[in-house]
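Novice: got a sequence here, can you model it:
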Amino acid sequence: MSTQRTMTTTVNTLMRQLKDNPVNWALIAILAYVVRSYASSSKPMIQEAKHPEVMVFKNYTPIDLLPFDGHGKEGRILMAVNGSIYDVTRGRNFYGPGGPYANFAGHDASRGLANNSFDRDMLTDPKEAIDKLEDLTTEEWESLREWEQHFASKYLFVGKLVENQ
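Specialist: Numbers count the residues shown, from 1 in each chain. Presented below is the predicted three-dimensional model:
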């Protein structure tokens, strides 16, 4: 009997608090909303499985690299750094059309990266031999290696840069 009396007293006290102070109604509404949101968000979301895009590793000449500047049908962006080719399509905002490094897309960007210069005159004509970078200073080589590490850690390595046939 004592438990029932305590329960009745508690319910009466709560009802009196709700009647006397309308702010409590707002607090109950917020509590109900939070509980409902939590209950509905705990359901797992089902996402359809999607295979990542695949690119076959291969050798590219400077001329082969040209179409991969982000303007093509697939929108793929490839860039050479110190003889390695990286798929930088994920970084479209930087390397794609209109991006700050767009002039490197579809080219060997090694000299420009070594010199921290993004000017078009840093690019070697794709019809000429690959730039051997023999005149770089120690600081420029260090800069190029840092860029190469950046690309290797962030982008997919998809090929090697080889001389035109």
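Novice: enumerate every residue touching residue 114.
Specialist: 133, 136, 140, 141, 143, 144, 147 (Cβ atoms under 8 Å, 6 or more residues apart in numbering). From N, CA and C alone the C-beta is placed, and that goes for glycine too.
Novice: most neighbours of all those, which one?
Specialist: Tallying neighbours with other Cβ atoms under 10 Å puts residue 144 at the head of the contacts of residue 114, with 22 neighbours.
Novice: just the element for it, please.
Specialist: In this structure, residue 144 is located in helix 138-154 according to DSSP states H and E.
Novice: next one: residue 135
Specialist: Residue 135 belongs to no helix or strand, assigned by DSSP H and E.
Novice: quick one on the thing from earlier: is it possible to get JSON lines of the contacts of residue 114 that adds pLDDT and distance to residue 13?
Specialist: As requested, these are exported to JSON lines (pLDDT from 0 to 100; distance: Cβ to Cβ, whole Å):
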{"residue": "133", "pLDDT": "94", "distance to residue 13": "83"}
{"residue": "136", "pLDDT": "94", "distance to residue 13": "82"}
{"residue": "140", "pLDDT": "96", "distance to residue 13": "79"}
{"residue": "141", "pLDDT": "96", "distance to residue 13": "79"}
{"residue": "143", "pLDDT": "95", "distance to residue 13": "73"}
{"residue": "144", "pLDDT": "96", "distance to residue 13": "75"}
{"residue": "147", "pLDDT": "95", "distance to residue 13": "70"}
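Novice: dump these into CSV; add distance to residue 19 as well.
Specialist: Listed next are the contacts of residue 114 as CSV, based on distance: Cβ to Cβ, whole Å:
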residue, distance to residue 19
133, 83
136, 82
140, 79
141, 80
143, 74
144, 76
147, 71
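Novice: and of those, the nearest to residue 28?
Specialist: Minimum separation from residue 28 among the contacts of residue 114 (Cβ to Cβ) is found for residue 147, which lies at 58.7 Å.
Novice: what stretches of this structure score poorly on pLDDT?
Specialist: 1-2, 41-45, 51-52 (pLDDT under 70).
Novice: kindly recompute the last result at 90.
Specialist: 1-56, 72-75, 118-121, 165 (pLDDT under 90).
Novice: strands of that one, start to end?
Specialist: Taking DSSP state E as the test, the strands found in the chain are 58-60, 78-81, 84-87, 156-161.
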